[in-house]
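Undergrad: sequence and predicted model, in that order:
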Amino acid sequence: MDRIDNFRALTREMTCALGVLGGDMMGTGLSLSELRVLYEVGLVPWTSRALAEDLGLDEGYVSRIVTRLQRGGLCSRAIDAQDRRRRVLTLTPKGSALVAQMVVAMRAQAAEYVGTVPAMNGAVTDEALGRLRHHLAPKTIAHIPVTYRDLGPGDAGWIAMRFGELYRHEFGVDHTFEAIVLDAMSEYLHSHDPVRDRVWIAERAGLRLGSIILMHTEDPSTAKLRLFFLDPLARGQGIGSALMDHCLGFARMAGYAHVTLWTQGQLSAAIRHYQKAGFCQVASDRAPAFGKSYDNQTWELTLQALARPGKTLFPNRA
């Protein structure tokens, strides 16, 4: 079964499990579409047109649903306080009570399925649910706050796995690249100093979206930045910049004077983050690595006197 068939099977199984195929959802006398419209009206004072656009439904269809809900005493139209030319949909007290009742019932129903997942599989389930939501509703999910937390159980292996998967897909590296990531992760775990070292994992809706590590070196004044990773689902949302800010903010508080990093010329997206943060390229050499030949680069940031972003001290060599 390929990914498409697997997804289709999942949606069929979910509609059966949640009982959404009938015209009467949980004894309310309303269809799934009617309940969804009612729920959305309870969140935001929509116009019929805006609600139809948001749900991806025909405006006439939504208008007919609203008319039925009005006849049932569940919602009403009111003049918009912000624009008196518009009439917006609002819930009546009866509609609000029904929505509250349905939220409780739906949560209980969902708990019957996901609430029984063994603790050992809980994080895996949360990750799968979060990834589906990021794929299916990127605009909605973007409004959920991102958390930036320390390393937890399973995160070290996840970092190595995601680096290996992404870099093989985007840059064609071989298996030896993942070995380098594992070595870096192992070094951090074995030499971790809680005063001078830190990991940040970016997470939203149960899905781990990125990582960055700051590690001490033999020089007490210098730290090294390592394993900066951003999931493709998280690009263009400010998450990479936030990871960098957390990392460099900690470096300043820990008293470091310099932060250094090693990267490769093909990692243009990451390099833009380094330039924006004020890093300058200080060394470069071309050498075979991970089954190919790459431009290996060393970048450095002086924390007391930030260099002008984007300035390159050592030009790239082809």
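TA: Looks like it came in fine.

Undergrad: C-terminal to the biggest helix by length in the chain, what's the next element?
TA: For the chain, the helix reaching the highest residue count under DSSP state H is reported as helix 93-114. Per DSSP states H and E, the first helix or strand lying C-terminal to helix 93-114 is helix 119-136.

Undergrad: how about that following helix as CSV, C-alpha atoms only?
TA: Extracted in CSV, the C-alpha atoms of helix 119-136 (Å, rounded to 0.1, in the frame of the first residue of the first chain):
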residue,chain,number,x,y,z
ALA,A,119,2.5,5.6,26.9
MET,A,120,5.5,4.2,25.0
ASN,A,121,3.8,5.2,21.7
GLY,A,122,2.4,8.5,22.8
ALA,A,123,5.1,10.7,21.4
VAL,A,124,5.1,8.8,18.1
THR,A,125,1.3,9.3,17.9
ASP,A,126,1.5,13.0,18.7
GLU,A,127,4.2,13.4,16.1
ALA,A,128,2.1,11.7,13.4
LEU,A,129,-1.0,13.8,14.3
GLY,A,130,1.0,17.0,14.3
ARG,A,131,2.6,16.2,10.9
LEU,A,132,-0.8,15.5,9.4
ARG,A,133,-2.2,18.8,10.7
HIS,A,134,0.8,20.7,9.3
HIS,A,135,0.3,19.1,5.9
LEU,A,136,-3.5,19.4,5.8
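
Undergrad: quick one: contacts of it?
TA: If you take CB atoms under 8 Å, 6 or more residues apart in numbering as the criterion, helix 119-136 is touched by 114, 117, 140, 141, 153, 154, 204, 205, 206, 207, 208, 233. For the C-beta atoms, the positions are set from N, CA and C on the backbone; glycine is no exception.

Undergrad: which of the residues in the helix or strand following that helix are buried?
TA: As assigned by DSSP H and E, the chain's next helix or strand after helix 119-136 is helix 138-141. Buried residues in helix 138-141, counted by 16 or more other CB atoms under 10 Å: residue 141.

Undergrad: quick check: mean pLDDT of helix 138-141?
TA: Averaged over helix 138-141, pLDDT sits at 88.

Undergrad: what do you get for stretch 279-298?
TA: On average, stretch 279-298 scores 82.

Undergrad: compute the number of surrounding residues for residue 219.
TA: Using other CB atoms under 10 Å, residue 219 has 12 neighbouring residues.

Undergrad: quick check: it vs residue 144, distance?
TA: Residue 219 is 40 Å from residue 144, where distance means CB to CB, to the nearest Å.

Undergrad: so who does residue 250 touch?
TA: Taking CB under 8 Å, 6+ apart, one finds 198, 214 in contact with residue 250.

Undergrad: what's the pLDDT at it?
TA: For residue 250, pLDDT reads 96.

Undergrad: so it versus residue 235, what's the distance?
TA: Counting by CB to CB - residue 250 and residue 235 are separated by 23 Å.

Undergrad: got it, and residue 173?
TA: Taking CB to CB, one finds residue 173 at 19 Å from residue 235.

Undergrad: check residue 178 too.
TA: Taking CB to CB, one finds residue 178 at 21 Å from residue 235.

Undergrad: looking at these two, which has the bigger crowd around it?
TA: residue 178 (19 against 13).

Undergrad: distance of the more buried one from residue 149?
TA: For residue 178, the distance to residue 149 - CB to CB - is 24 Å.

Undergrad: again, but for residue 213
TA: 13 Å.

Undergrad: one more: residue 134?
TA: Distance from residue 134 to residue 149, by CB to CB: 18 Å.

Undergrad: neighbour-wise, which of those two wins?
TA: In terms of neighbours (other CB under 10 Å), residue 134 is the more surrounded of residue 134 and residue 149; the figures are 22 against 12.

Undergrad: now that one. Nearest residue, chain neighbours left out?
TA: Spatial nearest neighbour of residue 134, chain neighbours left out: residue 233 (4.6 Å); criterion: CB to CB, 6 or more residues apart in numbering.

Undergrad: run a quick neighbour tally on that neighbour.
TA: With other CB under 10 Å as criterion, residue 233 counts 18.

Undergrad: shared neighbours of residue 213 and residue 149, anything?
TA: Contacts common to residue 213 and residue 149, judged by CB under 8 Å, 6+ apart, are residue 200.

Undergrad: is it correct that residue 90 falls within a strand?
TA: Yes: assessed with DSSP: H, G, I helix; E, B strand; the rest coil, residue 90 lies in a strand.
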